[in-house]
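>>> Provided below for reference: sequence and predicted model.
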Amino acid sequence: MTTTPTNPVFLGVPHPREPLRWGDPFPTAARESLDDAQLRRNLGHATSTIRDKRARVVGEVPDWEELRDAGAALKAHTLTHLPELLERLEENVTARGGVVHWARDAAEANAIVTDLVRAKQADEVVKVKSMATQEIGLDEHLASEGIAAFETDLAELIVQLADDQPSHILVPAIHRNRAEIREIFLERMGDAPAHLTDDPAALAEAARLHLRRKFLSAKAAVSGANFAVADTGTLAVVESEGNGRMCLTLPETLITVMGIEKLVPSFEDLEVFLQLLPRSSTGERMNPYTSLWTGVTPGDGPQEFHLVLLDNGRTRALADDVGRDALRCIRCSACLNVCPVYERVGGHAYQSVYPGPIGAILTPQLTGVQSHDDPNATLPYASTLCGACYEVCPVKIDIPSLLVHLRARDVDEDHDRHRPTGWGAAMKAAAWVMSDGRRMGMAEKASAAGRVVARDGQIRSLPFPGSLWTGSRDLPAPPKQSFRRWWKENR
C-alpha cells in the first residue's frame, strides 16, 4: 500500500531545504578552507591513500572498462524507464509485507519518518549512514520533534558528536585526524574511557562500546539504500563496519529513505554494481558487509518495514536531457578523491551535503538555483575541468560536460532575468572592443604595458578591476610582438 496515491516519478518541484544552502558561495568558503593548513594535510593524506588503493584493485580487473560500460547502460536504462520500474518496486515490496510511502520533498519525507517513529512510542532511533537523510535534514528534524537520532557509522558518529558537517561522501570525517577524534570522544562521548589514546583500534573500540547499548535498546532504525531491485522488491546496503547489519536486523521497525534513482531493474544487475562500487569507493574487492532484505520475514529481523521513496528535485533533474546523467551516480566518491579542487578545499567549501565534482552538478539540480547570486550557482564553476572525475567514474558520468552545461544554463538564465551585472558589463565592453579592428589594435597596444608589472612571464597582481582576476590566478604577460604586428611584417 502507499500513503500517497501519486504517480511516483512526477511528484512535483520540492521546496528548497535550508541545510543544503549554508549561505556562502563556493569562492568565499574555499578561501577559508585554504587558510587551514591542517585540513589540507588531512585531505592530501587521505585522498592519496584512497586513490592508490583504488588503482591497485581496479588494475586487477581485466574487463574494468566493460564493467563501467555495463553500469552506465544499466543506469541510463533505469532513468529512461523510471516510472514503470518504481511502480514495479512498490508492487513487490508491498507483496512481501513492506509499506511504501512517496515523498515529494524533504518536508514530506521528514513528516513520514517522524510519524512512523512516534507510532512505535520511541524517542530515539539508530541510523545507518545515509546521504538521503542528510539531504533532507532528518536528524535535525527529529531532534526538533524530541526524537534523538544516533549515527552508528564511525565517521558519522565523529561528525555528529562534534556538531560538525560531513566533508566527504564516503569518509565524512576525512577532515579530522586521530588526535582531533580522540579529543572529540573525550569531550562529547560521555562514556569514553579517561585513558583513551589516539590509536585507531582504541578509538574504534570506544565507539563500539558506546553504540552497542543503542543497538540493543532501539525500537526503530533508519537507513538509506545503495540499491533497490524492481523485480523482487529487494533493498541493498553495503558497508564496512557491521553497524549497518546491526541496524537492519535488531530493531522492531526499519525505515528506509531512498532517492527514486537508486533502482536497478533485476537482481542480476546487482552483479555489476557490487563489483564497481567497492573498488571505486573504498578500494576493496568487495564490501565486508552486504545486507539484502526483501519485505518482512516472520520471526526474523524487523517485523515492520517502511520504504520512503524520495523525489526532492530528482524529477526536475530527470527532465533535463543532459543534466539527468547526474542521477546515474552510485555515491562511490571516486571523483572527490581525484579532484584537485576538492583535495585542497575539502567538502565544507561546497556548502552542500554532496561535495566535490558530483555535488557541483547534483546540488544545483536538486535544490534549484533561484538567482545568479544563489550560492548553488557558483558550484559548477568549482572545477578546473581537468577530466579526472570522468576517468574514474564507475558509471561514466561525463562530469566536465555537465559542469559546462550547467554553467551555460546559469548564464542563459541570468540573461533572462535582465539584471545588469559587473560581469555582463565587462563582456559587453569586450565585445565592443573586439568587434572593430581599430579598437582591437588600440587595446593590444594598451595591453603591452602589462609587461612592466610582469615577473617571470606572469602578472600576479593588478589594481581593481584586474584584481578580480589576479586575486585567484596569474595572468600571462603580453608577448613582445602582437599577432597583428607579426602579420604586417611577414605577410
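Great, that's in hand. Numbers count the residues shown, from 1 in each chain.
>>> touching stretch 25-45 from outside, list them.
The contact list for stretch 25-45 (Cβ atoms under 8 Å, 6 or more residues apart in numbering) reads 22, 174-177, 341-346, 348-351, 373, 375, 377-379, 381-382, 472. C-beta coordinates here come from the backbone N, C-alpha and C atoms, glycine included.
>>> roughly how far is the lowest-mean-pLDDT helix or strand in the chain from the heart of the chain?
Within the chain, no helix or strand scores below helix 467-470, which has a mean of 78 by mean pLDDT, DSSP states H and E. Counting by Cα atoms, centre = their mean, to the nearest Å, helix 467-470 is centred 30 Å from the centre of its parent chain.
>>> stretch 86-93 too?
Distance of stretch 86-93 from its chain centroid, counting by Cα atoms, centre = their mean, is 26 Å.
>>> what does it contact?
By Cβ under 8 Å, 6+ apart, stretch 86-93 touches 2, 8-9, 99-100, 228-233, 260, 263, 294-295, 305, 307, 309.
>>> so which bits of that stretch are buried?
Going by neighbour count (16 or more other Cβ atoms under 10 Å), the buried part of stretch 86-93 is 86, 88-90, 92-93.
>>> export the residues you listed to a markdown table and tack on pLDDT, secondary structure and distance to Arg118?
As requested, these are exported to a markdown table (pLDDT from 0 to 100; DSSP: H, G, I helix; E, B strand; the rest coil; distance: Cβ to Cβ, whole Å):
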| residue | pLDDT | secondary structure | distance to Arg118 |
| --- | --- | --- | --- |
| Leu86 | 98 | helix | 27 |
| Arg88 | 98 | helix | 31 |
| Leu89 | 98 | helix | 26 |
| Glu90 | 98 | helix | 24 |
| Asn92 | 98 | helix | 28 |
| Val93 | 98 | helix | 22 |
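>>> got JSON lines for those, with distance to Asp198 too?
Below are the buried residues of stretch 86-93 laid out as JSON lines (distance: Cβ to Cβ, whole Å):
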{"residue": "Leu86", "distance to Asp198": "46"}
{"residue": "Arg88", "distance to Asp198": "50"}
{"residue": "Leu89", "distance to Asp198": "45"}
{"residue": "Glu90", "distance to Asp198": "48"}
{"residue": "Asn92", "distance to Asp198": "47"}
{"residue": "Val93", "distance to Asp198": "44"}
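>>> just give me the closest of those residues to Arg460.
Nearest to Arg460 among the buried residues of stretch 86-93: Leu86, at 54.3 Å, using Cβ to Cβ.
>>> and that closest one, how far is that from Asn226?
17 Å (Cβ to Cβ, to the nearest Å).
>>> now swap in Arg314 and tell me
From Arg314 over to Asn226 (counting by Cβ to Cβ), the distance is 16 Å.
>>> the longest helix belonging to the chain: how far from the chain's middle?
Secondary structure assigned by DSSP state H gives helix 37-59 as the longest helix of the chain. In terms of Cα atoms, centre = their mean, the centre of helix 37-59 is set 18 Å apart from its chain centre.
>>> pLDDT (mean, whole number) over that helix?
In this model, helix 37-59 has a mean pLDDT of 92.
>>> tell me which other helices or strands whichever strand or helix holds Ala431 touches.
Following DSSP states H and E, one finds Ala431 within helix 422-434. Contacts defined by 3 or more Cβ pairs under 8 Å, 6 or more residues apart in numbering; DSSP states H and E place helix 422-434 against helix 437-447.
>>> report the buried residues of the helix it packs on.
Buried, per 16+ other Cβ under 10 Å, within helix 437-447: Glu444.
>>> now the angle from that helix to helix 422-434?
Helix 437-447 runs at 110 degrees relative to helix 422-434, counting by axes from the mean of the first three to the mean of the last three Cα atoms, to 10 degrees.
>>> contacting residues around the helix or strand that helix 437-447 is followed by?
Next helix or strand after helix 437-447 toward the C-terminus (DSSP H and E): strand 458-459. Residues outside strand 458-459 that contact it (Cβ under 8 Å, 6+ apart): 450, 453, 470, 474-477.
>>> now rank those by neighbours and give me the top one.
Ala477 (18 neighbours; other Cβ atoms under 10 Å).
>>> that residue is in contact with Gly457, isn't it?
Yes: assessed by Cβ atoms under 8 Å, Ala477 is found in contact with Gly457 at 5.2 Å.
>>> residues in contact with Ser281?
Counting by Cβ under 8 Å, 6+ apart, Ser281 makes contact with 170, 331-334.
>>> which element is the residue most central in space within the chain on?
Centroid-nearest residue in the chain, with Cα atoms, centre = their mean: Tyr354, separated by 2.3 Å. Assigned by DSSP H and E, Tyr354 belongs to no helix or strand.
>>> and for Ala173, the neighbour number?
A count of nearby residues for Ala173, using other Cβ under 10 Å, gives 25.
>>> wait, what's in contact with it?
Counted by Cβ under 8 Å, 6+ apart, Ala173 has contacts 154-156, 158-159, 164, 166-167, 181.
>>> for Ala148, same thing?
So Ala148 contacts 123-125, 142 (Cβ under 8 Å, 6+ apart).
>>> mind putting these into a markdown table with pLDDT?
Shown next, in a markdown table, are the contacts of Ala148 (pLDDT from 0 to 100):
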| residue | pLDDT |
| --- | --- |
| Asp123 | 94 |
| Glu124 | 95 |
| Val125 | 96 |
| Leu142 | 97 |
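>>> JSON lines for these, including secondary structure?
JSON lines is the format used below for these (DSSP: H, G, I helix; E, B strand; the rest coil):
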{"residue": "Asp123", "secondary structure": "coil"}
{"residue": "Glu124", "secondary structure": "strand"}
{"residue": "Val125", "secondary structure": "strand"}
{"residue": "Leu142", "secondary structure": "helix"}
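>>> columns distance to Met434 on top of these, output as a markdown table?
Formatted as a markdown table, the contacts of Ala148 follow (distance: Cβ to Cβ, whole Å):
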| residue | distance to Met434 |
| --- | --- |
| Asp123 | 66 |
| Glu124 | 64 |
| Val125 | 61 |
| Leu142 | 57 |
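>>> my read is Leu254 is in a helix, agree?
No: going by three-state DSSP, the assignment for Leu254 is strand, not a helix.
>>> that one bridge partners, please.
Beta-bridge partners recorded for Leu254 (DSSP bridges): Ala221, Phe305.
>>> if I look at it, how far off is Gly44?
With Cβ to Cβ as the criterion, Leu254 and Gly44 are 39 Å apart.
>>> and the two? which has more neighbours close in?
Relative neighbour count places Leu254 above the other of Leu254 and Gly44, with 25 against 12, counting by other Cβ under 10 Å.
>>> need the contact list for the more buried one.
Shown in contact with Leu254 (Cβ under 8 Å, 6+ apart): 220-221, 223, 247-248, 293, 301-302, 304-306.
>>> would you map out the domains in the chain?
Residue ranges for the domains of the chain, per automatic domain parsing: 18-315, 422-490.
>>> most tightly surrounded among those?
Burial of these is given as mean neighbour count (mean count of other Cβ atoms under 10 Å); domain 18-315 ranks first at a mean of 19.
>>> what about it, distance to the chain center?
Remark: domain 18-315 is offset 12 Å from the chain centroid, using Cα atoms, centre = their mean.
>>> would you turn the contacts of Ala173 into CSV with pLDDT, secondary structure and distance to Met434?
Below are the contacts of Ala173 laid out as CSV (pLDDT from 0 to 100; three-state DSSP; distance: Cβ to Cβ, whole Å):
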residue, pLDDT, secondary structure, distance to Met434
Leu154, 92, helix, 56
Ala155, 91, helix, 51
Glu156, 93, helix, 52
Ile158, 94, helix, 53
Val159, 92, helix, 50
Asp164, 90, coil, 48
Pro166, 89, coil, 45
Ser167, 89, coil, 43
Ile181, 94, helix, 55
